[in-house]
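> just a sequence and a predicted model for now, questions to come.
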Amino acid sequence: MLQSQLFTKTQKDISADETSAGTQLLLRAGFIDKAAAGVYTILPLGFLALQKIERIVAAAMDGLGAQRVAMPSLVPKKNWEATGRWAGLDVLYKVKGKGGEEYGLGATLEEIVTPVAQKFSFSYKDFPFAIYQIQTKFRDELRAKSGLLRGREFLMKDLYSFHVDQKDCDDYYERVKEAYFEIFKAAGLAPITFLTLADGGTFSKFSHEFQTVTAAGEDIVYHCGNCGFAVNKEIKEDYPKCPECGSADFDEKKAIEVGNIFKLGTKYSAAFGFEASGADGGKLPVLMCCYGIGLTRLLGTVAETSRDENGIIWPQAIAPFEIHLIELEAKDGEANREIKKNAQKIYSDLQKKNISVLYDDRPGKSAGEKFKDADLLGMPRRLVISQKTLEQKGVEIKKRGEKETKLAGLDKICDYNFQDR
Ligand code: ATP
Ligand code: MG
């Protein structure tokens, strides 16, 4: 993409009421715009990063054999009443139509997915199966001061699995757990993201959260120095020792919940009278699990945890562009034409190799301004082409977050091994 065409620009001043440093950077870099507390527009560069996250998550869900759907956000009141959540879910936004009909805006979708699954599944032979979607959720969050980390409107992947056999349910749950680790690894969060034991509700002893350690986190987790698991605050109160290994060697850390997996048992299936007929003709209870990942929260978490004083440092897998190609203007017209010609060629050659490039072709910007913007935007690699580099028939390469620069030959740049690509 040509940077001169990008309608957004970097900004110096943003409102001071953002408490998350990552969200501040996303605002300054023009990845997102704030419409109200907890409500954001995702701008083109932010959208590209979010799309990459979405693809990673969707591929993982597809790998689990889950089938993608798109559920509504207008969830009829009667569905919420069936589960007791019209009155019981305090974050529910309620809206009324002109005809008097009422809806709760989708905050989580058990109230839709359960009756949908029920319409198509009657016998034990119809199980197991899993359904997922990636959809905007609405929650009337009291505190929405942490930017993308806690939105009132945010993008979530929600997966629901349906089983008639406890072992099958437990096995699938473990498979999803593994897939979640792979997702957080791809997003560059693996070293600071811990599987955390949390309260399991009525049907299971524990649920599991994936907590990313960061000072901006609103949760407190206790990381077990012995086994590497973590427990959340409520569990710590119930179990003074690690329920996993028995150690009391806990380290208290602030963290943000990027994912949550939960065995629901028959909580929602029973509310809708959803059962299956068994091999012997009797009735079997339908067991459900739900699994969430906040995609916009994940975007905010990466910006929060992968940055320096100058801007964001995107992991390769979710960077909006892999390369930020920068041409520096020379004073002399002839030299300038030569710089442009070479920059355009590199731009097109790299794209032919399926390497995504943001090309800073903006006229009248100083080297300082361009470098500052490149650091703020945070693409993994910066390529600079200038009169100085052309004199050496080369292009300067710098990895974001490192100081060292290298010179690669003009004719070699397209075969350059941009490591960890
Ligand atoms: P929290 O405890 O942070 O309020 P939660 O436990 O209510 O979250 P879940 O219902 O488990 O959240 O939702 C699944 C996932 O959706 C969470 O793990 C998180 O990644 C994301 N999520 C939840 N609430 C928000 C929010 N307000 N803004 C952004 N992402 C969210
Ligand atoms: Mg949760």
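Nice, I can see it. Ligands and ions are numbered 1, 2, ... in the order given.

> show me which residues of this protein are close to ligand 1?
Proximity of the chain to ligand 1, by CB under 6 Å from any ligand atom, involves residues 108, 139, 141, 150-151, 154, 156, 257-260, 292-294, 296-297. Placement of C-beta: from N, CA and C, glycine included.

> where does this structure have low pLDDT?
Applying pLDDT under 70 to the chain picks out residues 419-421.

> cutoff 50 now
Within the chain, the segments meeting pLDDT under 50 span 421.

> ok, longest strand in it?
If you go by DSSP state E, the chain has its longest strand at strand 250-265.

> show me what it is packed up against.
Applying 3 or more CB pairs under 8 Å, 6 or more residues apart in numbering; DSSP states H and E, we find strand 250-265 packed against helix 166-186, strand 193-199, strand 206-213, strand 219-224, strand 230-232, strand 287-294, helix 295-305.

> partner strands of the shortest one and their direction?
Pointing back at strand 230-232 there. Using DSSP bridges, the strands paired with strand 230-232 are strand 193-199 (parallel), strand 219-224 (antiparallel).

> which one of these lies nearest to Val39?
Using CB to CB as the measure, strand 219-224 is the one of the strands paired with strand 230-232 that comes nearest Val39, at 22.2 Å.

> relative to strand 250-265, how tilted is that closest one?
110 degrees (axes from the mean of the first three to the mean of the last three CA atoms, to 10 degrees).

> who's in contact with strand 219-224?
194, 196, 209, 211, 213, 229-233, 236, 242, 244-245, 247, 249-257 (CB atoms under 8 Å, 6 or more residues apart in numbering).

> for ligand 1, what's the nearest residue on the stretch 1-150 of the chain?
Closest residue of the stretch 1-150 of the chain to ligand 1, CB to the nearest ligand atom: Arg150 (4.4 Å).

> rewinding a little: can I get the strands paired with strand 230-232 in CSV including distance to Gly99 and mean neighbour count?
Output for the strands paired with strand 230-232, formatted as CSV (distance: least, CB to CB, whole Å; neighbours: other CB atoms under 10 Å):
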stretch, distance to Gly99, mean neighbour count
strand 193-199, 40, 22
strand 219-224, 42, 21
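
> confirm Gly228 sits in a strand?
No: checked against DSSP: H, G, I helix; E, B strand; the rest coil, Gly228 lies outside a strand; its state is coil.

> which strand residues bridge the residue nearest to it when sequence neighbours are not counted?
Distances taken as CB to CB, 6 or more residues apart in numbering place Phe194 nearest to Gly228, at 7.3 Å, with adjacent residues excluded. In this structure, Phe194 bridges to Gln211 when assessed by DSSP bridges.

> Phe194 reaches Val213, doesn't it?
Yes: between Phe194 and Val213 there is a contact under CB atoms under 8 Å: 7.0 Å.

> which residues do these two both contact?
Joint contacts of Phe194 and Val213 (CB under 8 Å, 6+ apart) are 221, 223, 255.

> got the contact list for the residue nearest to Gly228?
Counting by CB under 8 Å, 6+ apart, Phe194 makes contact with 210-211, 213, 221, 223, 228-230, 255.

> what ranges do the strands span in the stretch 1-150 of the chain?
Ranges of strands within the stretch 1-150 of the chain are 32-36, 39-42, 67-68, 74-76, 94-96, 102-105, 129-138, based on DSSP state E, counting those that start in this stretch.

> now those in a markdown table, with mean neighbour count?
As requested, these are arranged in a markdown table below (neighbours: other CB atoms under 10 Å):
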| stretch | mean neighbour count |
| --- | --- |
| strand 32-36 | 15 |
| strand 39-42 | 17 |
| strand 67-68 | 12 |
| strand 74-76 | 17 |
| strand 94-96 | 12 |
| strand 102-105 | 19 |
| strand 129-138 | 19 |
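
> for Thr19, find the nearest of these.
Between Thr19 and the strands of the stretch 1-150 of the chain, the tightest spacing by CB to CB is seen for strand 32-36, at 12.5 Å.

> for Asp308, give me phi and psi.
For Asp308, the backbone dihedrals (degrees, to the nearest 10) come out as phi -130, psi -170.

> got the contact list for Tyr180?
Contacts of Tyr180 (CB under 8 Å, 6+ apart): 60, 210, 259, 261, 291, 293.

> and with 7 Å instead?
By CB atoms under 7 Å, 6 or more residues apart in numbering, the contact list for Tyr180 reads 210, 259, 261.

> for the closest residue in space to Ser146 that isn't next to it in sequence, give its distance to Gly294.
Distances taken as CB to CB, 6+ apart place Ser20 nearest to Ser146, at 4.8 Å, with adjacent residues excluded. For Ser20, the distance to Gly294 (CB to CB, to the nearest Å) stands at 14 Å.

> please apply the same query to Asp158.
Distance of Asp158 to Gly294, computed by CB to CB: 10 Å.

> between the two, which one's more packed in?
Gly294 (24 against 21; other CB atoms under 10 Å).

> was I right to think that one contacts Phe154?
Yes: judged on CB atoms under 7 Å, Gly294 makes contact with Phe154 at a distance of 6.0 Å.

> could you pull out the helices for the stretch 301-421 of the chain?
Secondary structure of the stretch 301-421 of the chain by DSSP state H, counting those that start in this stretch: the helices cover 333-352, 367-377, 387-391.

> what comes up buried for the longest one?
I take that to be helix 333-352. Across helix 333-352, burial judged by 16 or more other CB atoms under 10 Å covers 336, 339-340, 342-344, 346-347, 350.

> now that helix: how far from the chain's centre is it?
Relative to its chain's centre, helix 333-352 lies at 35 Å (CA atoms, centre = their mean, to the nearest Å).
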